[in-house]
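> predicted structure and sequence below. I'll ask about it afterward.
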Amino acid sequence: MQPELEVLTISDRVSETLYSAKAGERFAGVDVILSCGDLPPDYVEFVQDALRAPLFFVRGNHAQKMTRGGPGERPAALGGIDLHRRAAEHQGWLLAGFEGCVRYRPGPHQYSQAEMWLLVFELLPRLWLNRLTYGRYLDILVTHAPPWGVNDGADRAHQGFKALRWLVQTFKPRYHFHGHMHILGSSQSVATRFAQTWVVNTYGYRRSRINPAGELGGGRP
Ligand SMILES: [Zn+2]
């Protein structure tokens, strides 16, 4: 049985609360950091150093211009595990992830709906292997973009991926953490129950308590 975890998700906006000398104190108790993209690697590294917690990440569509690397490079936060197109296991929890958003202009880390379907299909053998090994396909999906029709937007840049919606419906991860959707007001919901999954939008940061029963606790402090 997987332990209950306190998860810190970060994305899209550098938080002064986290980028501070007191972060380690204030965020004591965080078991794992999930970065959902569009953050400078220096900041992500700082958060990991301050909290001394394992880090898993995916890149957002703005990853490139926020890094020191030149075109074609894929700089990343050191010491973290890139979940893009990968499955990983952490303390009995099964993770997988996909970077980027729906292609809306030339640039890296953007995918057409068809391209994302292919990436998702490529991951299926890993999910089936999980099922054989652990009895479950997937617990935590980490992406930059939301699934189609859940927490997504009407404009092309903020449409969700249809393949992610299918993945969530079919393999029933308990949690799907994503970024990319900027929250403009406090009335906007960040956590949506969809099928058997909590789909959680991170903008800035969010602390979530997760457990094997699939309950979602915590929130932005
Ligand atoms: Zn984005």
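Happy to help now that I have it.
> for the residue nearest to residue 103 when sequence neighbours are not counted, what are its contacts?
The shortest distance from residue 103 to any non-neighbouring residue, by CB to CB, 6 or more residues apart in numbering, is to residue 110 (4.0 Å). Placement of C-beta: from N, CA and C, glycine included. Residues in contact with residue 110 (CB atoms under 8 Å, 6 or more residues apart in numbering) are 61, 100, 101, 102, 103, 104.
> so which of the residues you listed wins on neighbours?
Counting neighbours by other CB atoms under 10 Å, residue 101 leads the contacts of residue 110 with 29 neighbours.
> so what pLDDT did the residue nearest to it when sequence neighbours are not counted get?
Spatial nearest neighbour of residue 101, excluding adjacent residues (CB to CB, 6+ apart): residue 145 at 4.2 Å. In this prediction, residue 145 carries a pLDDT score of 97.
> likewise for residue 62?
86.
> sec struct for it, please.
Secondary structure state of residue 62, per DSSP: H, G, I helix; E, B strand; the rest coil, is coil.
> residues contacting it?
37, 38.
> which residues are in contact with the most centrally placed residue in the chain?
Centroid-nearest residue in the chain: residue 142, 3.1 Å away (criterion: CA atoms, centre = their mean). Neighbour list for residue 142: 34, 36, 56, 57, 58, 83, 95, 96, 97, 176, 177, 178 [criterion: CB under 8 Å, 6+ apart].
> near the ion, which residues of the protein?
Residues of the chain lying near the ion by CB under 5 Å from the ion: 38, 60, 61, 180.
> list of residues touching the helix or strand harbouring residue 33?
In this structure, residue 33 sits in strand 32-35 according to DSSP states H and E. Under the criterion CB under 8 Å, 6+ apart, residues 5-11, 44, 47-48, 51, 53-58, 77, 80, 90-91, 140, 142, 177, 202 lie in contact with strand 32-35.
> can you give me the mean pLDDT across the helix or strand that that strand is followed by?
Where DSSP H and E defines the elements, the next helix or strand beyond strand 32-35 is helix 41-51. Helix 41-51 shows a mean pLDDT of 93.
> in strands, which of the contacts of residue 142 appear?
34, 56, 57, 95, 96, 97, 176, 177, 178 (DSSP state E).
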